[in-house]
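Colleague: Kindly return the folded structure for what I paste below:
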Amino acid sequence: MATPDKAKNSAQRARGKVREAAGKATGNDKLQAKAGQMMGNLKQAGEKLKDAFKK
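Modeller: Residues are numbered from 1 along each chain as shown. As a prediction, this is how the structure comes out:
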């Protein structure tokens, strides 16, 4: 996996976790959405799949 892609995906997951925590603290359901975390996880899984086929 390309290092910049991996870092970007990890950052997206982290942003999702921060938004979720903020949403829980304020009771805002929209912020609680785990979409950011899921997108980061999906992108990272896609990158790992690509790496598996490159070998």
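
Colleague: For the rest of this, base every contact and every neighbour count on C-alpha atoms.
Modeller: Will do.

Colleague: Give me the next element, helix or strand, following the helix or strand of the chain with the lowest mean pLDDT.
Modeller: Between all helices and strands in the chain, the lowest mean by mean pLDDT, DSSP states H and E belongs to helix 29-32, at a mean of 68. The helix or strand immediately downstream of helix 29-32 is helix 35-54, counting by DSSP states H and E.

Colleague: Give me the contacts around that following helix.
Modeller: When contacts are defined by CA atoms under 8 Å, 6 or more residues apart in numbering, helix 35-54 is touched by residues Met1, Asp5, Lys6, Asn9, Ser10, Ala11, Gln12, Arg13, Ala14, Arg15, Gly16, Lys17.

Colleague: Near the second one, how many other residues are there?
Modeller: To tie it back to what came earlier, the one meant is Asp5. 13 (other CA atoms under 10 Å).

Colleague: now for the helix or strand hosting it, which elements pack on it?
Modeller: According to DSSP H and E, Asp5 maps onto helix 3-26. Applying 3 or more CA pairs under 8 Å, 6 or more residues apart in numbering; DSSP states H and E, we find helix 3-26 packed against helix 29-32, helix 35-54.

Colleague: Which of the ones you listed has the lowest mean pLDDT?
Modeller: Ranked by mean pLDDT, those bottom out at helix 29-32, with a mean of 68.

Colleague: Could you tell me the angle between the helix holding Asp5 and helix 35-54?
Modeller: Orientation check (axes from the mean of the first three to the mean of the last three CA atoms, to 10 degrees): helix 3-26 against helix 35-54 gives 160 degrees.

Colleague: I'm done for today, thanks for sticking with me.
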